[in-house]
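In: Below are the sequence and a predicted model; questions follow.
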Amino acid sequence: MTAPRRRGLALAAALIAAALVAHAQEAPTSPPEAPDVVLARAAFDPARLRARRAALLELLPPRAVVVVAAGARGPDTFPFRPRPDFLYLSGRREAGMTLVIAEEADLLFAPPRDEHHELWNGPRIAPGTAIAKASGFGDVVAWGDRNERLAALLKGGERPLFLSGVEPAELGLPEGTPARGAGPHIARLRQVKDEAELALMERAIGVTTAALREAMRSVSPGKHEYEVQAVIEYVFARNGAQRAGFASILGSGPHSCVLHYQDNRRRMAAGELIVMDVGAELWGYTADVSRTVPVSGRFTPRQREIYELVLRAQEAGIKAVRPGATLRQVDAAARAVIARAGHGRAFPHGTCHWLGMDVHDVGAFDRPLEPGMVLTVEPGVYLRDEGLGVRIEDDVVVTADGCRLLSGDVPRDPDAIEALMAEPGLGDVEVSPVLTPPPAAPAPRREGRFY
């Protein structure tokens, strides 16, 4: 081959390679998945779920049979939320399903495929579908076979039966069939989060702290409580949260002393405080964070005095969180600070609760703390005669040598709160006005009499 021909072929090859690279760069690519979707896939990986089901059986007597139901769907106009025990063990979010597990059985009972249902609601897991094959269960079985298959497992009546979310009569079992609750055993597993659960919870908490930062910037006299709620829940949705983990609490003035105030209709006034107690829920896991801020943007001396007292109490509580301690010990550490200041009677609730798939998550209150447990630390002082209530709540995870604050991205220091509130917020942005029709013109008046 001559030199010119070799150079020509090399040039042609280079042009073809360049064209292929350009085509690859221009070819459409799938957009990256949202961060919460990636985290949810890891938290509900089929292998992880199988390990949870196996761990549950290890806690129970030999040859135990466990039945866990998802719950029934309400009106189709509202999204279905499965019972947390079912979601924790199965990862499925569809209604009307039942999980049955035993040493020799790992069964999900699901409704048969229904094209009419899919037309309105989209595809769901059903026996024989590709979704069922990828789900990781031993088998996905038609829902109508549930009672017969369960009766076969229990044949002889000597196997311990544990139920969650379902009663023996619903399973076609004879009256008087002995059954125990599976809930306390599942709760024991749910109390300690694995690394994938913690990652998903940290995302939910991060979304919540972002919402609270934006809310702090948006609080001002003359706004209604629901306007601040709107900012918070917009940031939730903007960052992928499917819902609030509980009804958002935005209590200003006298409502700052109402622990679970939920109306959120009052107009805020200068010189007041507002308690914001909120949490975003992502894929079944929720946050729970509270901040108290001055409506005017600056604390009065009296407000700052009470706020700093509650902050000292919270810091004492957080310091007490470590492996081997109990929630009661954490509560005592925070409560002692408030009692010494003479406001013990103004602190009517506990300092801590578990956090996870439920905002007040399941689990024995007196169980010693272990690494991987997530709890809140939330002291408060409520002076109803002054219309002055303060609550500061953060989420922490127990570590090998203490705890880690998960919600520290939203300020607690009063000076930092005032600095953040001086910035413009999302709640100050003008939105499209609500258009109302003009009043109807009065009917023309008739002159004279009519009979």
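Out: Arrived safely, thanks for sending.
In: can you tell me which residues contact the most centrally placed residue in the chain?
Out: Using C-alpha atoms, centre = their mean, the residue of the chain that lies closest to the mean C-alpha position is residue 286, 2.0 Å off. Counting by C-beta atoms under 8 Å, 6 or more residues apart in numbering, residue 286 touches 204, 245, 246, 279, 280, 355, 356, 357, 358, 359. Every residue, glycine included, has its C-beta placed from N, CA and C.
In: and the closest residue to residue 100 other than its chain neighbours, which of the three is it?
Out: Of all residues not flanking residue 100 in the chain, residue 107 sits nearest, at 4.6 Å (C-beta to C-beta, 6 or more residues apart in numbering). Secondary structure for residue 107, judged by DSSP: H, G, I helix; E, B strand; the rest coil, is strand.
In: returning to what we had before: what number of residues lie near the residue nearest to the residue nearest to the centre of the chain when sequence neighbours are not counted?
Out: Spatial nearest neighbour of residue 286, excluding adjacent residues (C-beta to C-beta, 6+ apart): residue 245 at 2.8 Å. For residue 245, the tally of surrounding residues (other C-beta atoms under 10 Å) stands at 24.
In: rewinding a little: return the subset of the contacts of residue 286 lying in strands.
Out: Among those, the ones falling in strands (DSSP state E) are residue 280.
In: Would you mind giving me the ChimeraX syntax to select the buried ones in the contacts of residue 286?
Out: Command for ChimeraX that selects the buried part of the contacts of residue 286, burial taken from 16 or more other C-beta atoms under 10 Å:
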select :204,245,246,279,280,355,356,357,358,359
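In: And the contacts of residue 286, which is closest to residue 399?
Out: The closest of the contacts of residue 286 to residue 399 turns out to be residue 355 (C-beta to C-beta; 15.5 Å).
In: Might you report the residue contacts of the residue nearest to residue 100?
Out: Residue 107 neighbours (C-beta under 8 Å, 6+ apart): 99, 100, 101, 137, 138, 139, 140, 141, 149.
In: who wins for most neighbours among these?
Out: In terms of neighbour count, residue 101 stands highest of the contacts of residue 107 at 27 neighbours, by other C-beta under 10 Å.
In: Would you agree that one falls within a strand?
Out: Yes - under three-state DSSP, residue 101 falls within a strand.
In: Just the pLDDT for the nearest residue to residue 170 once chain neighbours are set aside.
Out: Counting by C-beta to C-beta, 6+ apart, residue 170 lies nearest to residue 69, which is 8.0 Å off, once chain neighbours are set aside. Predicted confidence (pLDDT) for residue 69: 96.
In: burial count for residue 69?
Out: Neighbours around residue 69, by other C-beta under 10 Å: 24.
In: Identify, from the contacts of residue 107, the entry nearest to residue 217.
Out: residue 99 (45.0 Å).
In: Report whether the expected contact of that closest one with residue 125 is present.
Out: No - Residue 99 lies out of contact with residue 125 (C-beta atoms under 8 Å); the separation is 11.9 Å.
In: shared neighbours, the two?
Out: Contacts common to residue 99 and residue 125, judged by C-beta under 8 Å, 6+ apart, are residue 108.
In: still on that earlier bit, quick one: which of the contacts of residue 286 is nearest residue 114?
Out: residue 357 (28.2 Å).
In: Phi and psi next, for that closest one.
Out: Backbone geometry at residue 357, expressed as degrees, to the nearest 10, gives phi -70, psi -20.
In: so what's it up against?
Out: Applying C-beta under 8 Å, 6+ apart, we find residue 357 in contact with 84, 87, 88, 190, 284, 285, 286.
In: Dig out what the residue nearest to residue 170 forms beta bridges with.
Out: Applying DSSP bridges to residue 69 gives these bridge partners: residue 98.
In: so how far is residue 138 from it?
Out: Distance, residue 69 to residue 138, by C-beta to C-beta, to the nearest Å: 18 Å.
In: For the residue nearest to residue 286, give me its contacts.
Out: With contact taken as C-beta under 8 Å, 6+ apart, residue 245 is in contact with 204, 279, 280, 281, 286, 287, 288, 359.
In: Just put those residues in JSON lines and tack on distance to residue 401 and pLDDT.
Out: Formatted as JSON lines, the contacts of residue 245 follow (distance: C-beta to C-beta, whole Å; pLDDT from 0 to 100):
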{"residue": "204", "distance to residue 401": "25", "pLDDT": "98"}
{"residue": "279", "distance to residue 401": "27", "pLDDT": "98"}
{"residue": "280", "distance to residue 401": "29", "pLDDT": "98"}
{"residue": "281", "distance to residue 401": "30", "pLDDT": "98"}
{"residue": "286", "distance to residue 401": "27", "pLDDT": "98"}
{"residue": "287", "distance to residue 401": "24", "pLDDT": "98"}
{"residue": "288", "distance to residue 401": "24", "pLDDT": "98"}
{"residue": "359", "distance to residue 401": "27", "pLDDT": "97"}
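In: and which of those residues is nearest to residue 378?
Out: Closest approach to residue 378 among the contacts of residue 245 (C-beta to C-beta): residue 288, at 8.0 Å.
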